[in-house]
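# Just a sequence and a predicted model for now, questions to come.
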Amino acid sequence: MPTILIVEDEAKMARLLELNLADAGYGSRSAADAELGLKILREEKIELVLTDLKLPGMSGLDFLQAVKRTDAALPVVVMTAYGTVETAVEAMKAGASDYVLKPFSIEEIKLIVSRELDTRRLREENRDLRDALGKRYEFKNIVGRSKAMQEVLATVERVAPSNATVLLGGESGVGKDLIARAIHEHSRRAAGPFVKINCTAIPENLLESELFGYEKGAFTGAVSSKPGKFELGNEGTVFLDEIGDVPPSIQVKLLRILQEREFERLGGTKTHKVDVRVVAATNRNLRDALEEGTFREDLYYRLNVVPISIPPLREHKEDIPYLVDFFIARDAREAGKTIAGITPAALRLLVDFHWPGNIRELENIIERAAVLSANPKIDVADIHLDVSAPKAADASASGPPFPPPGTSLEQFEDEIIKEALRRAGGNKSQAARLLGLSRNALRYRLSKIGVPDEPDT
């Protein structure tokens, strides 16, 4: 039975919380001030702390900071009737797990306590993550045998059965949507709907009605009521892709969904309750957005309960051979062709590439090669890489092409040679002329990257 410490100077409120938490199956200890609360924490095993921010003597904020210095992993939920939302955010910055504004319902407190204890259990399990990596974690349609991806998949396995909100981070094309679906399919909500919302694909003036629905007559053309995505996702999972691009006016409504699981449709006054789990994803650094003032701090802390960062492909290139095999088998089947695999030279070409578009770019390149290749195996000539240098940050700046981030000078030179071969249609004499090299100089460079020097036809 988890034991909860209640730090509250109002005796009636403390007693009310004790009785209701006992009904929910929790043990509790009460303290009328922060000093007694710290004494109980030193002497007893406490799983979670509920504390008021306004306390006699040491303030609730000072108490929170003292708790975090002693046990940073202990979840602390702050209660306040005096502060503003900014005060609650200040508490979140100091390490609070969540906050609730008085007056609150007992059901709300029970929900928050259950969620925080669930999250604490997950974090404790993740402490042993490295020791557990001897196990191979596998999910449908996800290829990830590297250490970096196994860490991601191990976290997915642990977080999926809970109701904790998950924030997926990573560059475009790393597979955040697949990870979100894996979380849903391995959760207790797997039988419910999985609703994906691309926040950048919906115009800003339509986003609110798409998310929350609208009532008849809410605007011109609203001839009937329509449920929004959150209603459609009831008892399932809602995946908010590119959450960092949501406008501030919608951020406020999303915060209410996360806090209270309720909303009103556009043009309506009836409050709708909804039971959804939220998984969000972004390719932006939300901390930068906080500093710029384009993303709400309180919403960020509500979303960032269990963060999962998905590495770019260039940081787990050992997965490329397995990804290539997976894509070839799928694409050959869909194209009605028999492809035996890929040649070593072509695979080396793929492994050496810097992959600015990540797994999505690799998937597209293999699909094109599988469809157009006339060989029993995909070869170098079937691989068409985009080796154009990225645009400089300053469009007015001029100068020679510069290697993309994460690419060495040697790799960049290899890509230029391969691009020249592609533009020359495989004719090495013509490729040498494009590069301003002699035929022998090109032959030497081709031998370094494993491209056979066959006679030109």
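Yep, that arrived. Numbers count the residues shown, from 1 in each chain.
# Wasn't residue 118 part of a helix?
Yes. Residue 118: assigned to a helix according to DSSP: H, G, I helix; E, B strand; the rest coil.
# got a pLDDT number for it?
Turning to residue 118, the model gives it a pLDDT of 85.
# Over to the one 10 residues further on?
The model reports residue 128 with a pLDDT of 55.
# Do a quick rundown of the helices in the stretch 301-450 of the chain.
According to DSSP state H, counting those that start in this stretch, the stretch 301-450 of the chain carries its helices in the segments 320-335, 344-352, 358-372, 409-423, 428-435, 439-448.
# And the longest one, what does it pack against?
Taking 3 or more CB pairs under 8 Å, 6 or more residues apart in numbering; DSSP states H and E as contact, the helices and strands that helix 320-335 lies on are helix 344-352, helix 358-372. (Glycine included, C-beta is placed from N, CA and C.)
# what's in contact with the longest one?
Put plainly, it is helix 358-372. Counting by CB atoms under 8 Å, 6 or more residues apart in numbering, helix 358-372 makes contact with 171-175, 312-313, 320, 323-324, 327-328, 331-332, 335, 337, 339, 350, 355, 357, 378, 382-386, all of which sit outside it.
# swap the cut-off to 6 Å and go again
171, 173-175, 312-313, 327-328, 331-332, 335, 339, 355, 378, 382-383 (CB atoms under 6 Å, 6 or more residues apart in numbering).
# Nearest to residue 262, out of those residues: which one, please.
residue 175 (32.4 Å; CB to CB).
# contacting residues for that closest one?
When contacts are taken as CB under 6 Å, 6+ apart, residue 175 is in contact with residue 359.
# picking up where we left off before, which of the contacts of helix 358-372 scores worst on pLDDT?
Lowest confidence among the contacts of helix 358-372: residue 335, with 79.
# What about that residue, how many residues nearby?
14 (other CB atoms under 10 Å).
# how much space between the residue nearest to it when sequence neighbours are not counted and residue 337?
Computed as CB to CB, 6 or more residues apart in numbering, the closest residue to residue 335 that is not its neighbour in sequence is residue 371, at 5.3 Å. Between residue 371 and residue 337 the computed distance is 8 Å (CB to CB, to the nearest Å).
# Likewise for residue 112?
Counting by CB to CB, the separation of residue 112 from residue 337 is 55 Å.
# So which residues of the protein form strands?
Secondary structure of the chain (DSSP state E): strands at 3-7, 27-31, 48-52, 76-80, 98-101, 166-169, 194-198, 236-241, 262-264, 271-273, 276-282, 306-309.
# Let's have those in a markdown table, adding mean pLDDT and distance to residue 298.
As requested, the strands of the chain are exported to a markdown table (pLDDT from 0 to 100; distance: least, CB to CB, whole Å):
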| stretch | mean pLDDT | distance to residue 298 |
| --- | --- | --- |
| strand 3-7 | 94 | 22 |
| strand 27-31 | 93 | 27 |
| strand 48-52 | 93 | 18 |
| strand 76-80 | 89 | 13 |
| strand 98-101 | 86 | 9 |
| strand 166-169 | 96 | 14 |
| strand 194-198 | 94 | 21 |
| strand 236-241 | 96 | 16 |
| strand 262-264 | 90 | 16 |
| strand 271-273 | 92 | 20 |
| strand 276-282 | 95 | 14 |
| strand 306-309 | 94 | 16 |
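# Looking at these, which is nearest to residue 216?
Per CB to CB, nearest to residue 216 of these: strand 262-264, 14.2 Å.
# tell me, what residue is most central in the chain?
With distances taken as CA atoms, centre = their mean, the residue of the chain nearest its centroid is residue 168 (0.6 Å).
# Apart from its chain neighbours, what residue comes closest to it?
Residue nearest to residue 168 in three dimensions, not counting chain neighbours: residue 281, with 4.0 Å by CB to CB, 6+ apart.
# Could you do residue 449 as well?
In space, residue 449 comes closest to residue 414 once its chain neighbours are excluded; the distance is 5.0 Å by CB to CB, 6+ apart.
# The one you found touches residue 450, doesn't it?
No. No contact is recorded between residue 414 and residue 450 when judged using CB atoms under 6 Å, the distance being 9.8 Å.
# So for those two, which sits in the more crowded spot?
Just comparing residue 414 and residue 450: by other CB under 10 Å the higher neighbour count belongs to residue 414, 23 against 16.
# dump the residue contacts of residue 280.
The neighbours of residue 280, taking CB under 6 Å, 6+ apart as the test, are 167, 240, 243, 303.
# Can you give me the distance of the last one to residue 122?
Between residue 303 and residue 122 the distance is 16 Å, computed by CB to CB.
# okay, now residue 436: neighbour count?
There are 8 residues near residue 436, going by other CB under 10 Å.
# Could you pull up the residues touching it?
Counting by CB under 6 Å, 6+ apart, residue 436 has no contacts.
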